[in-house]
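Asker: got a structure for you, letters missing:
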């Protein structure tokens, strides 16, 4: 490899390294959703089920006193 090619190659390598350090803006307006593992999904489903159960119990508790008052 002659001197000129060697210099061009080194310059390109340095330029690429400088570009890698810069944070590039996201070209798409959509944010890519992150991966959710099976374990995380199971935890989220359990939490959602627990919240639904609590809301259901509160709904029954709220409905029961109003029925007794009439």
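Answerer: All right, it came through fine. Because the structure is predicted, anything quoted here is derived from the model rather than measured. Numbers count the residues shown, from 1 in each chain.
Asker: Check which residues of the strand or helix carrying residue 53 are buried.
Answerer: Take DSSP states H and E as the rule and residue 53 turns out to sit in helix 38-69. Residues of helix 38-69 classed as buried: none (neighbour count, 16 or more other Cβ atoms under 10 Å). C-beta here means a position set from N, CA and C on the backbone, and glycine is covered the same way.
Asker: and that helix, how far from the chain's centre?
Answerer: Here helix 38-69 is found 26 Å from its chain centre; the criterion is Cα atoms, centre = their mean, to the nearest Å.
Asker: How much space separates residue 17 from residue 10?
Answerer: Counting by Cβ to Cβ, to the nearest Å, the gap from residue 17 to residue 10 is 11 Å.
Asker: pLDDT below threshold where in this structure?
Answerer: 1, 24, 26-31, 63-70 (pLDDT under 70).
Asker: quick revisit: show me the common contact partners of residue 17 and residue 10, please.
Answerer: Residues touching both residue 17 and residue 10 (Cβ atoms under 8 Å, 6 or more residues apart in numbering): there are none.
Asker: Residue 34 and residue 13: what is the separation?
Answerer: Between residue 34 and residue 13 the computed distance is 32 Å (Cβ to Cβ).
Asker: more neighbours, those two?
Answerer: residue 13 (10 against 6; other Cβ atoms under 10 Å).
Asker: Can you classify the more buried one as helix, strand or coil?
Answerer: Look at residue 13: counting by DSSP: H, G, I helix; E, B strand; the rest coil, its state is helix.
Asker: so what's it up against?
Answerer: Counting by Cβ under 8 Å, 6+ apart, residue 13 has no contacts.
Asker: Quick one: neighbours of residue 7, just the number.
Answerer: Neighbours of residue 7 under the rule other Cβ under 10 Å: 11.
Asker: now do residue 3
Answerer: By the measure other Cβ under 10 Å, the count of residues near residue 3 is 7.
Asker: And the one 3 residues further on, by the same measure?
Answerer: By the other Cβ under 10 Å criterion, the neighbourhood of residue 6 contains 10 residues.
Asker: Next: residue 14.
Answerer: Neighbour count for residue 14, taken as other Cβ under 10 Å: 10.
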